[in-house]
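Enquirer: Sequence and predicted model, in that order:
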Amino acid sequence: MKLKLAVLGSGAGSNMQSIVDAIEAGTLDAEIVCVLADVPGAKILERAARHNIPAQYLSCAPFKTKLEGEAEENYIRVMKEAGADTVVLAGFMRIVKPGLLAAFPNRVLNIHPALLPAFPGLHSWKQALDYGCRVAGCTVHFVDAGTDSGPIIVQRCVPVEPGDTPETLHARIQVQEHLAYPEALRLLAAGRLTIEGRRVLIDGR
Ligand code: GAR
């Protein structure tokens with residue numbers, strides 16, 4: 001079934017771009033019905049506008065790190081009015097709360113720049129580098145009430161190379177992110193995902 005996506009972001013929007021590219025290439029049966037950013041002037045808004053996708057800044061005040069209260073209600077209202085059935089967190093640097101999860105049950109996805117459950121939270125690629133990991137990567141998962149803790153849909157890994165800096169490692173991870181998010185959404189659109197406890201079954205397996 002064609003997905004109606006609301007994409008939430010705070011920054012550059014390269015993951016949103018990868019989803020747009022997949023849709024435009026005909027490899028993902030979806031439409032982005034709105035893009036919302038919690039940072040005024042975020043580049044993700046500019047990118048969306050370039051593809052004629054309705055996009056706007058929506059304040060999350062007074063909260064700094066979460067989406068709750070009146071701000072949460074505003075986000076839900078705008079997404080519902082746009083006809084969204086699935087929420088895609090794409091570099092949205094806030095914790096979403098149970099109100100949003102209840103409005104879109106099992107339909108909120110996130111991408112995280114680490115192989116969860118390792119390195120939840122911020123600057124995960126730097127955490128992996130500082131820890132001395134030999135591999136790093138990204139995870140697309142359903143969002144639950146915890147932080148970066150929901151059932152995992154897709155993971156992709158990359159080597160950590162000698163001489164890597166946080167920037168070079170993040171760039172390598174992002175190449176995989178741009179494959180992982182469309183891949184996860186393709187599985188969702190095809191109705192191939194079932195959540196069973198902590199696990200996501202693909203085609204019932
Ligand atoms: C991505 O690397 C994403 O995994 C990360 O922010 C970046 C956003 O890039 N998300 C998190 O760290 C969430 N905890 P983008 O704006 O270019 O898509």
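Expert: The structure has been received and is ready for your questions.

Enquirer: where does the residue of the chain found nearest the ligand sit relative to R47, distance-wise?
Expert: For the chain, the residue closest to the ligand is G91, as judged by CB to the nearest ligand atom, at 2.6 Å. (Glycine included, C-beta is placed from N, CA and C.) Separation of G91 from R47 (CB to CB, to the nearest Å): 12 Å.

Enquirer: what sits against the residue of the chain closest to the ligand?
Expert: G91 sits next to G9, S10, G11, A12, G13, S14, N15, I44, I111 when contact means CB atoms under 8 Å, 6 or more residues apart in numbering.

Enquirer: in the protein, which spans are strands?
Expert: Secondary structure of the chain by DSSP state E: the strands cover 3-9, 30-37, 55-57, 66-67, 86-89, 95-96, 108-112, 135-142, 152-159, 193-196, 199-202.

Enquirer: Just put these in a markdown table and tack on distance to V175.
Expert: What follows is the strands of the chain, written out as a markdown table (distance: least, CB to CB, whole Å):
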| stretch | distance to V175 |
| --- | --- |
| strand 3-9 | 18 |
| strand 30-37 | 21 |
| strand 55-57 | 25 |
| strand 66-67 | 29 |
| strand 86-89 | 19 |
| strand 95-96 | 26 |
| strand 108-112 | 13 |
| strand 135-142 | 10 |
| strand 152-159 | 8 |
| strand 193-196 | 24 |
| strand 199-202 | 23 |
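
Enquirer: Tabulate these (a markdown table), appending mean neighbour count, mean pLDDT and distance to I19.
Expert: As requested, the strands of the chain are exported to a markdown table (neighbours: other CB atoms under 10 Å; pLDDT from 0 to 100; distance: least, CB to CB, whole Å):
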| stretch | mean neighbour count | mean pLDDT | distance to I19 |
| --- | --- | --- | --- |
| strand 3-9 | 25 | 98 | 7 |
| strand 30-37 | 22 | 98 | 7 |
| strand 55-57 | 16 | 98 | 13 |
| strand 66-67 | 18 | 97 | 20 |
| strand 86-89 | 24 | 98 | 7 |
| strand 95-96 | 19 | 96 | 18 |
| strand 108-112 | 23 | 98 | 10 |
| strand 135-142 | 23 | 98 | 11 |
| strand 152-159 | 18 | 98 | 13 |
| strand 193-196 | 14 | 97 | 17 |
| strand 199-202 | 14 | 98 | 19 |
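
Enquirer: Quick one: closest of those strands to R186.
Expert: Of all these, strand 30-37 sits nearest to R186, with 8.6 Å by CB to CB.

Enquirer: Report whether the closest one contacts the ligand.
Expert: No. Contact of strand 30-37 with the ligand (CB under 6 Å from any ligand atom) is absent, the minimum separation being 9.6 Å.

Enquirer: I appreciate the help and will end here.
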